[in-house]
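Colleague: below is the sequence, then the predicted model.
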Protein chains: 2
Amino acid sequence: VTDDRLPRRAALLGSGVIGGGWAARLLLSGVDVALYDPAPGAAETARAALERARRSWSRLTLVPPPAPGTLTLVETVAEAVAGAELVQESAPEREPLKLELLAQACEAAPADAIIASSTSGLLPSRISSEMAHPERFLVAHPFNPVYLLPLVELCGGSATSPETIERAASLYRALGMHPLVVRHEIDGFIADRLLEAVWREALWLVHDGVATAEEIDDALRYGPGLRWSTMGTFLIYRLAGGTAGMRHFMAQFGPTLQLPWTKLTDVPELDDGLLDTIVAQSDAQAAGRSIEELARIRDDCLVAVLRGLRGQAWGAGNDVAATERRWQRTAPAGSPADGLARAGDSLAGPGDGLLHLHEVIVGPDWIDYNGHMTEFRYLEVLADTTDVFLPLIGAGADYAASGSSYYTVETHIRHLGQARAGDRLTVSTQLLHHDPKRLHLFHEIRRADDDSPVASGEHMLLHVEMAAGRAVPAGAEVLAALDRIAASQRQLPRPDGAGRAIGGARSAAGSQRSGAV
Amino acid sequence: VTDDRLPRRAALLGSGVIGGGWAARLLLSGVDVALYDPAPGAAETARAALERARRSWSRLTLVPPPAPGTLTLVETVAEAVAGAELVQESAPEREPLKLELLAQACEAAPADAIIASSTSGLLPSRISSEMAHPERFLVAHPFNPVYLLPLVELCGGSATSPETIERAASLYRALGMHPLVVRHEIDGFIADRLLEAVWREALWLVHDGVATAEEIDDALRYGPGLRWSTMGTFLIYRLAGGTAGMRHFMAQFGPTLQLPWTKLTDVPELDDGLLDTIVAQSDAQAAGRSIEELARIRDDCLVAVLRGLRGQAWGAGNDVAATERRWQRTAPAGSPADGLARAGDSLAGPGDGLLHLHEVIVGPDWIDYNGHMTEFRYLEVLADTTDVFLPLIGAGADYAASGSSYYTVETHIRHLGQARAGDRLTVSTQLLHHDPKRLHLFHEIRRADDDSPVASGEHMLLHVEMAAGRAVPAGAEVLAALDRIAASQRQLPRPDGAGRAIGGARSAAGSQRSGAV
C-alpha cells in the first residue's frame, strides 16, 4: 500500500463520455465531485457512467468499494472549483473554449489545486497560456471508459512545475490509475499517435475496399489486440525474435518492413463517399445493438480481461490489485486486539454475536450457464472468509513469515440455497472450538437481500510448523485472541448442521452442477 | 458443434517460432505432423512450443484435450507432404526460398492437399507462381503464439480457387482458429498493415527521444491494448461517439485528427544509432528476463484474457468455447452406454475398478504466495470430475435441457497432501451409492508423479426437477447407467475416509491457507 492520497474534492468542467467517466471513477473512489456543464443531460451522463462503473467494479474486485462520494451539479466554474484539490477539464476539443475555462478555473481554485485537461489533441503550453498560474497545470489524458482503463498520460507544458506532475501522478494512482509521464510536449502524446496510426491505416483499408470495418476490427481483436492487452509492441517483437534478441529481430524484419512502410503513409481524404461507407459498415457491424448494450459488453469484457491479468499479477492487473489493497479492511500486523476492534467497527453485525468478516457480490463470471453460482465458488467465499479471520487473530502474513501457519485439513459444505449474479452475499462466522493446535470454524453464507441461507462451511484447521510439516501449538497471542473470540461467543448455540457426515439428514436445495454441459 | 473436420495429416515446411507454433496447435488438436526443416534445433523448437501449448491449453479449457498427434521429423519435402491434407510452409521470408519449397511441395503432395504459406509479407500470386497447381495454394498467416491466438488471415492469389479458401477455413476452424478471409491481395494483408502502422509510429517516438520502448509499450497495454482485446477500432470509436452514432464521431474527431496525420507519416531511417537505442531500451525493459520466461508470462496472460473472454461469450472467447465443444467427451444424447464405453476407452485406468475421468495440470494462477494450490481449487478439480461423470451417465447438457439435473447438496473434502504448480493431478471416482433420487460419489485426487494422495471429495447429489426445485427420480436410462457402474465397482471396498464428520480422526497434512496474507 502506497501513501498515495485521494484528492479531498474534485471539480469537473464538462461531462460527456470522458467527463462522465471521470465522475464515475472519482465518486466510486469516495471523492466528492462538483460538476459544471452547461449542456443539457450532463448529470444523466455522469449518473449513467457511475452505474456502469459500480457494476463493473463490484465484479472486478472482491473487496467492497468505499462509500461513494457525492455528486453536486453547479452553475459556474467558480462554484465547481471551490475547495477542489483536483480540477479536471473535459470540454470539447476547441482551443478557445479550453483557454477560457482553464483561465477561469485557475483564478477561482484554491492555491494548492492541480488543474488538468483531458485533451487528447491540444498542446499543454498553448491551452494554459492564459492561466495566471500555469505551473500547476498539466494535461491528464485518460482513455474511454475512464472508470476501467488505468492509463492516464501526464504531460506538462513549458511552465508546468515538476511538483505538479508528481502530485498529479500520486492523486491519479490513488484513483486506481496508471500514470504515464510524457516527457516531451508533442501532438498526440504517446498513445494517440499509435491510435491514429492504426486509424489511418484502417481508413485506407476501407477506402481501398480491401476490408470492411468489421473485418478490420476482427483482424485486431482475434490476434494482435489480444497480445496488446498483455504486452506492447517492443516486448512482443523481442519475443518474436526468439532467443537471438532484439538486434536479430530488427535485422530479420527491418528490411521486410521497409517496403510497405514507404507505400502506406499517404493520408486518405475523408470525403463524403468514404464517410458514407464507414457509417454504413459501422451500422452493419453494430447489428442493431444500442450504444448502451455495446458499452455493457465492452465493460464486461474489460472486467474479465483485467481480472484475468490481476490473477497473473501482470500489467493492468497490478493496478486493480493496488486498488483492492487500498480498499481492503485488514487488521494492522501484530495487533490482534486492534484488528478485532476494527473488524467490529467496520463490519458490525446485527448484534447476533457472530463475526461478520466478509461480503462479496456474485459476478457474472462466477455463474454457470444456468444462472447459478458455480460450485467451487462457494468454497472460494468460505476460504476468503477464513483469510479475513486469520489476520484478525494475529495469524496473517507476518505470522506465517515466521514459519508457522494454519492449514485446512477438512471441510464440510452444505448447499442450502441458490446464489445468482448480482447477489450480495454476507458470511457470518462462529468459532466452534479451539485448542493449542486446532481451530474449528463454522461459516454461514447468506443472501443480503432476504437474509436467506445459501451455504454453510465447517472447517478444521491445524496449526503447522511449515518446514517440518507437523502440528505444533500456536503462539500465545494467537491463542489469546482465540480465547477472546470464544468468550464473546460463549452463549451462541452450536449451529444447525455442524458435525454432520454425508448421508445424514438432507436439505432440499442444492447447487446445480455447473458443468452439466 | 460444426462439421469442420481436422486435416487427416499435416506437413510443416520450416520450424522456428511460427512453424513450432503450428506444430503445437496441430499436435495438440490430435493431428499427426511431419516436419521438414534442415536447420539445426528445429525439432527442439517444435517440442518446446508443444510443451508451452499443452500447459496453456490445460488451463484455458476444463476439457482434457484429445490424444496428441505424432511428430515425425523428415529429411525431404517429399517425405513431409506424403499423405498430408494440409501443407503449411513457414520458412524465412525470402521469396526464392518459398518459390522453391512451394513448387516442390505441390509436385509431391496428394491431389487433395491444401498448400498454405505463413508469410506475413509476400504476395500469394508471386510465391505460388512456380507451382503446378496454384489453385490449391493460399496464404494462411497466423500470429505468434500460433497455439493461442485464434486469428489466421487467409488470402488467395490470382489462381487460388474459391473451394481452396473454403476448405482451408474449415480446416483452420477445426484447429480452434478464427479464419479471416482477406478478399484482396495486398501487401501486409490486414492485421500487419495495422501492426506496421503502430511499429512505424513507435520507431518515430524512440527516434525523436519522446518515449522509450517501455513507455510506448505501457501506453498500449494499460489503455488501448486492453480495449483491442475485446473490440476493434471502429466499434470502439462508435462507442466514443456516444448515442449520436458514427457520423457524429467522424464529424467531431475527423478534423482534430487531420493535423497530426499530415505530420506523422514520414518514415524514420533505421540507422545504427536508432538500432542501438532500440536494442538498449529493449534490454532494459526485459530486465534480465529470458525469452523463455517472457514467453511463459505472455502465454499465462493470454490464457487469462482468453478465459475471461470465454466467460463473456465474446470475440476470441467464442473460439475457445468452440474448441471445448469439440474436445468434450460427451455421451451422444440418449445413449449413456455409448458414452460410458467411450470414456472407458479413452480414460482406461490402472485396472483398479475405479473410474478415471479427469486430470489437470496445476497452473501458476492456482497457486498461493507460498507455492501451494489455493484451497478452493481443490473443489474446482473435484467438481470438474463430477462434470465429466454426469454426461457419462447420460445426465449432461441435453438431459438438463429437458428440465431435470443433479444438484450437489453436500460436500466433504479431506486434505491429504500438497499440490504445487506444474503437478499433474489425476482423479479416480467411486460410486458409493445411488437410488432413484440420490447419487453419492467419492473422488480421490492424486499426484500423477508419485501416485501420492492429495485430497478426497465425498459428494451427495440430488436429482432435481429444476422448475419446481424438488427432488424427483432420475430417468430410467440414467439409473441404468448408474447400475452398470455400480455393478462394475461391486468388489471395491468402501474408501478410507468416506462418511466422516469433521472432528473425527485427523490427517497430518493440509492445505495451507491461501490467504494468510
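Modeller: Noted; the coordinates are in hand.

Colleague: please, where are all the strands along the stretch 101-250 of chain A?
Modeller: A:114-117, A:137-142, A:151-155, A:178-181 (DSSP state E, counting those that start in this stretch).

Colleague: pLDDT wise, what is the residue nearest to A:Cys106 when sequence neighbours are not counted at?
Modeller: Counting by Cβ to Cβ, 6 or more residues apart in numbering or on different chains, A:Met131 is the residue found nearest to A:Cys106 once chain neighbours are left out, at 4.1 Å. (Glycine included, C-beta is placed from N, CA and C.) pLDDT recorded at A:Met131 is 96.

Colleague: next one: A:Gly351
Modeller: For A:Gly351, pLDDT reads 65.

Colleague: what of A:Trp327?
Modeller: Looking at A:Trp327, the pLDDT reads 69.

Colleague: same question, A:Ile413
Modeller: Taking A:Ile413 on its own, its pLDDT is 95.

Colleague: that one: which element?
Modeller: Element membership for A:Ile413, per DSSP states H and E: strand A:404-415.

Colleague: hmm, that strand in reach of chain B?
Modeller: Yes. Strand A:404-415 reaches chain B (Cβ under 8 Å from any Cβ of the partner chain) through A:405-415.

Colleague: now stretch A:375-393
Modeller: Yes. Stretch A:375-393 reaches chain B (Cβ under 8 Å from any Cβ) through A:375-380, A:382-384, A:386-388, A:390-391.

Colleague: just the ones of those residues in helices?
Modeller: If you go by DSSP state H, the residues of stretch A:375-393 next to chain B have A:375-380, A:382-384, A:386-388, A:390-391 in helices.

Colleague: redo these as JSON lines? Include neighbour count and pLDDT.
Modeller: JSON lines is the format used below for those (neighbours: other Cβ atoms under 10 Å in any protein chain shown; pLDDT from 0 to 100):
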{"residue": "A:Glu375", "neighbour count": "28", "pLDDT": "90"}
{"residue": "A:Phe376", "neighbour count": "20", "pLDDT": "93"}
{"residue": "A:Arg377", "neighbour count": "25", "pLDDT": "92"}
{"residue": "A:Tyr378", "neighbour count": "27", "pLDDT": "95"}
{"residue": "A:Leu379", "neighbour count": "26", "pLDDT": "95"}
{"residue": "A:Glu380", "neighbour count": "21", "pLDDT": "93"}
{"residue": "A:Leu382", "neighbour count": "28", "pLDDT": "96"}
{"residue": "A:Ala383", "neighbour count": "25", "pLDDT": "93"}
{"residue": "A:Asp384", "neighbour count": "20", "pLDDT": "90"}
{"residue": "A:Thr386", "neighbour count": "26", "pLDDT": "93"}
{"residue": "A:Asp387", "neighbour count": "19", "pLDDT": "88"}
{"residue": "A:Val388", "neighbour count": "23", "pLDDT": "87"}
{"residue": "A:Leu390", "neighbour count": "24", "pLDDT": "91"}
{"residue": "A:Pro391", "neighbour count": "24", "pLDDT": "86"}
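
Colleague: list just the nearest of these to A:Arg55.
Modeller: A:Arg377 (18.6 Å; Cβ to Cβ).

Colleague: identify the residues contacting that closest one.
Modeller: A:Arg377 is in contact with A:362, A:366, B:376, counting by Cβ atoms under 8 Å, 6 or more residues apart in numbering or on different chains.

Colleague: give me that answer again for 6 Å
Modeller: A:Trp366 (Cβ atoms under 6 Å, 6 or more residues apart in numbering or on different chains).

Colleague: contacts for stretch A:165-184?
Modeller: A:4-7, A:25, A:29, A:86, A:114, A:138, A:150-156, A:189-190, A:319, A:323, B:210, B:218-219, B:222.

Colleague: from the residues you listed, list the buried ones, please.
Modeller: In terms of neighbour count (16 or more other Cβ atoms under 10 Å in any protein chain shown), the buried residues within the contacts of stretch A:165-184 are A:6-7, A:25, A:29, A:86, A:114, A:138, A:150-156, A:189-190, A:319, A:323, B:210, B:218-219, B:222.

Colleague: tell me the SS of A:Glu359?
Modeller: At A:Glu359 the chain is in strand, as set by DSSP: H, G, I helix; E, B strand; the rest coil.

Colleague: so how far is A:Val427 from it?
Modeller: The gap separating A:Glu359 from A:Val427 is 7 Å, by Cβ to Cβ, to the nearest Å.

Colleague: again with A:Gly83
Modeller: Distance from A:Gly83 to A:Val427, counting by Cβ to Cβ: 39 Å.

Colleague: just A:Val454 next, same as before
Modeller: 9 Å.

Colleague: quick check: neighbours shared by these two?
Modeller: A:Ile445.

Colleague: the two: who's more crowded?
Modeller: A:Val427 (26 against 23; other Cβ atoms under 10 Å in any protein chain shown).

Colleague: residues from the stretch 301-450 of chain A in reach of chain B?
Modeller: Selection of the stretch 301-450 of chain A residues close to chain B by Cβ under 6 Å from any Cβ of the partner chain yields A:301, A:304-305, A:308, A:311-312, A:314-316, A:365, A:375-376, A:379-380, A:383, A:387, A:390, A:396-397, A:400, A:405-415.

Colleague: please, which helix or strand holds the most centrally placed residue in chain A?
Modeller: Nearest to the mean C-alpha position of chain A, counting by Cα atoms, centre = their mean, stands A:Val320 at 4.4 Å. Assigned by DSSP H and E, A:Val320 belongs to helix A:316-327.

Colleague: circling back: my read: the residue nearest to the centre of chain A touches A:Gly308, true?
Modeller: No. Counting by Cβ atoms under 6 Å, A:Gly308 is not a contact partner of A:Val320; they are 10.3 Å apart.

Colleague: so where's chain A uncertain?
Modeller: By pLDDT under 70, the weakly predicted segments of chain A are A:1-2, A:59, A:62-64, A:243, A:245, A:252-270, A:326-351, A:364, A:369-370, A:503-517.
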